[in-house]
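Engineer: just need the structure, nothing else, for what follows:
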Amino acid sequence: EVQVVESGGGLVQAGGSLTLSCTASGFTFDDYGIGWFRQAPGKEREGVACISSSDGSAIYGDSVRGRFTISSAGAKNTVRLQMDSLEPTDTAVYYCVAEYGPCSWDSTYDYWGQGTQVTVSA
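Structural biologist: Modelled structure (predicted):
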């Protein structure tokens, strides 16, 4: 059974940092792009970051580029999202996603986690 499970959400003040983790199981990690989407109340779902496990290449959403860093610990089937300089507009539910092949914002992402809440206070 394919699973992606998030952890690490919480409450942080503006300017602070949080690290989210996603642990994947049930598929060959190196064959997949694994990343994060987020959705805030009343807003459309937004691509945050994705890393292609095969070569470590990453893509980022425009609103987080330069503040967030995605990394892969392949031996542990884990992807981490380091979020720095957080802003209240980063408040959202963050979902870990996985898709066969390299990362692309055009992908449908077949596998989704349950989501973890990130709240940034002003």
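
Engineer: spatially, what comes nearest to the residue positioned nearest the centre of the chain if we skip its sequence neighbours?
Structural biologist: With distances taken as C-alpha atoms, centre = their mean, residue 36 lies nearest the centre of the chain, 2.4 Å away. Once flanking residues are discounted, residue 36 sits nearest to residue 48: 4.2 Å by C-beta to C-beta, 6 or more residues apart in numbering. Backbone N, C-alpha and C define where each C-beta goes, glycine included.

Engineer: element containing that neighbour, please.
Structural biologist: strand 46-52 (DSSP states H and E).

Engineer: ends of stretch 49-68, what's the gap?
Structural biologist: 8 Å (C-alpha to C-alpha, to the nearest Å).

Engineer: ok, now stretch 72-81?
Structural biologist: 9 Å.

Engineer: which strand residues bridge residue 80?
Structural biologist: residue 21, residue 71 (DSSP bridges).

Engineer: same check on residue 111?
Structural biologist: residue 98.

Engineer: where does this protein have low pLDDT?
Structural biologist: In the predicted model of the chain, residues 74 satisfy pLDDT under 70.

Engineer: give me the number of residues near the nearest residue to residue 16 once chain neighbours are set aside?
Structural biologist: Take residue 16 and drop its neighbours on the chain: the residue closest to it by C-beta to C-beta, 6+ apart is residue 86, 5.5 Å away. Neighbour count of residue 86, defined by other C-beta atoms under 10 Å: 22.

Engineer: quick one: residue 86 is in a helix?
Structural biologist: No: counting by DSSP: H, G, I helix; E, B strand; the rest coil, residue 86 is not part of a helix but coil.

Engineer: how near is it to residue 67?
Structural biologist: 8 Å (C-beta to C-beta, to the nearest Å).
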